[in-house]
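> Return a 3D structure for these sequence lines:
(4 chains)
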There are 2 protein chains.
Amino acid sequence: MTDLNAPSAPRIPPKRADAQRNKQMLLDVAAALFVTSGVEVPVREIAARAGVGTGTIYRHFPTRAELIIAVYRHQVETCAEAGPVLLARYVSPYAALGEWIQLFVDFLATKHGLADVMQPGDPSFDALHRYLIDRLVPVCMAFLDAAVEADEIRPDIQAYELMRGVGNLCIGAGNDAHYDARRLVALLIAGLRRAQADARVDPGDELSG
Amino acid sequence: MTDLNAPSAPRIPPKRADAQRNKQMLLDVAAALFVTSGVEVPVREIAARAGVGTGTIYRHFPTRAELIIAVYRHQVETCAEAGPVLLARYVSPYAALGEWIQLFVDFLATKHGLADVMQPGDPSFDALHRYLIDRLVPVCMAFLDAAVEADEIRPDIQAYELMRGVGNLCIGAGNDAHYDARRLVALLIAGLRRAQADARVDPGDELSG
DNA sequence: ATACATTACGGAACACTGTTCCGTTTGTCA
DNA sequence: TGACAAACGGAACAGTGTTCCGTAATGTAT
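From the prediction side, this is the model:
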């Protein structure tokens, strides 16, 4: 035990004291501002509240997305780790999936604007999108596989697609008293059930007259 | 019949010829650019391609949202008018709703970035959000009321909420080959069905051990 | 046809983003 | 204490949407 740092990470320089202090300060200030002003709060404002220059923020977090990841990493990990636990606890994988998705929605919907930037396309936020997808899609896939195996849900839905859909439904939650992301996500999950008629029906069977 | 213009609108000045020409040119250029570059294409680029200055574009369309509305108004009207027709044609209001929602999704998902901007909150795009909501929510409500009346769907979903949910699911469609907005919307609509178990189940009934 | 008032135009300028760059300051270690 | 690498601050850059105003085009009255 000669190395008190990470056992295997190639972290050569232990960093300067002021740098560590500033990084932690930025994380704390960003977390607070994300709550009050959303994740789209200007970088300048985070820097100002932390009492540092804009250069400092970009030295520690090369892009806004990486700051967001750092702030929420712990909660995302918690959510991901809850997956196997829930799956083991329930008889019904479908019920377990519903429970887990609720955890995810509770996380996303309370982070103003986080869902908005969780989409691919914007190169600046690709790191954030990839992190969330890479971490959570495998967890979701375990639920889906088990539920399909148990013949509880239709087999034609991909974990990635479902996570993107749930993420999209969380966009704007909190800005709009008449929009309840949780209820819509519950609807989406309900639509997964097997033996559920498709929304689109052949008009030949249904037309009147 | 002394007035060849709009019969009741208070349109006092018939406008100058160059102004009319520029307005039409801007609509055409914007429609083309929205297809190739999405509705988030810079205002400067629309102006440049139309051969006008940025001032001109803002004189005709005080905000980007109003230009977008003008470009798509005809398609939105068509979609809205299709509602009552479909509702009358089908025996099942639920089947009619599914058909109509598909029309809406086909419209939204093929307009790069339009769904992204259909949310409330951004004051610059509030006009666009309100236009779509005001025009389409009443149509949707007719479907829902009829389907509830026919006991086909659960009664606890609002037309506004459903439209927002469908709109959200269309965000990013087209940027991502692995994301199919139509399939997810179909899932959401399937979740509307009555007698459908809620996604969330009381753990007391389901826990193993 | 010409003069002229009005309407509309063009693009520079403003305010606000995220991000980069570099001269200056600070912490660490000999 | 001195030297030097590490880290800092904030000006500067690039790209948005939007506003402003001097200039040009247009329609009309003469």
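> what helix or strand is A:Ala147 on?
In this assignment (DSSP states H and E), A:Ala147 forms part of helix A:126-149.
> Only the buried residues of the helix or strand just after that helix, if you could.
Using DSSP H and E, the helix or strand that directly follows helix A:126-149 along the chain is helix A:159-169. Buried residues in helix A:159-169, defined by neighbour count with 16 or more other Cβ atoms under 10 Å in any protein chain shown: A:Ala159, A:Tyr160, A:Glu161, A:Leu162, A:Met163, A:Arg164, A:Gly165, A:Val166, A:Gly167, A:Asn168, A:Leu169. Where C-beta positions appear, they are placed from N, C-alpha and C, glycine not excepted.
> As JSON lines, these with pLDDT and distance to DNA strand D would be great.
Putting those into JSON lines (pLDDT from 0 to 100; distance: Cβ to the nearest atom of the strand, whole Å) gives the following:
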{"residue": "A:Ala159", "pLDDT": "97", "distance to DNA strand D": "35"}
{"residue": "A:Tyr160", "pLDDT": "96", "distance to DNA strand D": "30"}
{"residue": "A:Glu161", "pLDDT": "96", "distance to DNA strand D": "30"}
{"residue": "A:Leu162", "pLDDT": "97", "distance to DNA strand D": "32"}
{"residue": "A:Met163", "pLDDT": "96", "distance to DNA strand D": "30"}
{"residue": "A:Arg164", "pLDDT": "95", "distance to DNA strand D": "25"}
{"residue": "A:Gly165", "pLDDT": "96", "distance to DNA strand D": "28"}
{"residue": "A:Val166", "pLDDT": "96", "distance to DNA strand D": "29"}
{"residue": "A:Gly167", "pLDDT": "95", "distance to DNA strand D": "25"}
{"residue": "A:Asn168", "pLDDT": "95", "distance to DNA strand D": "23"}
{"residue": "A:Leu169", "pLDDT": "96", "distance to DNA strand D": "26"}
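> ok, which of those also contact chain B?
A:Tyr160, A:Glu161, A:Leu162, A:Arg164, A:Gly165, A:Asn168, A:Leu169 (Cβ under 8 Å from any Cβ of the partner chain).
> can you list the residues of chain A near DNA strand C?
For chain A, the contact set with DNA strand C under Cβ under 7 Å from any atom of the strand comprises A:16-18, A:40-45, A:54-55, A:58, A:62-64, A:124.
> Could you pull out the strands in chain A for me?
With DSSP state E, there are no strands along chain A.
> Check it and tell me which residue is nearest its centre.
A:Leu132 (5.1 Å; Cα atoms, centre = their mean).
> Spatially, what comes nearest to it if we skip its sequence neighbours?
Nearest residue to A:Leu132 in three dimensions, chain neighbours excluded: A:Met118, at 5.9 Å (Cβ to Cβ, 6 or more residues apart in numbering or on different chains).
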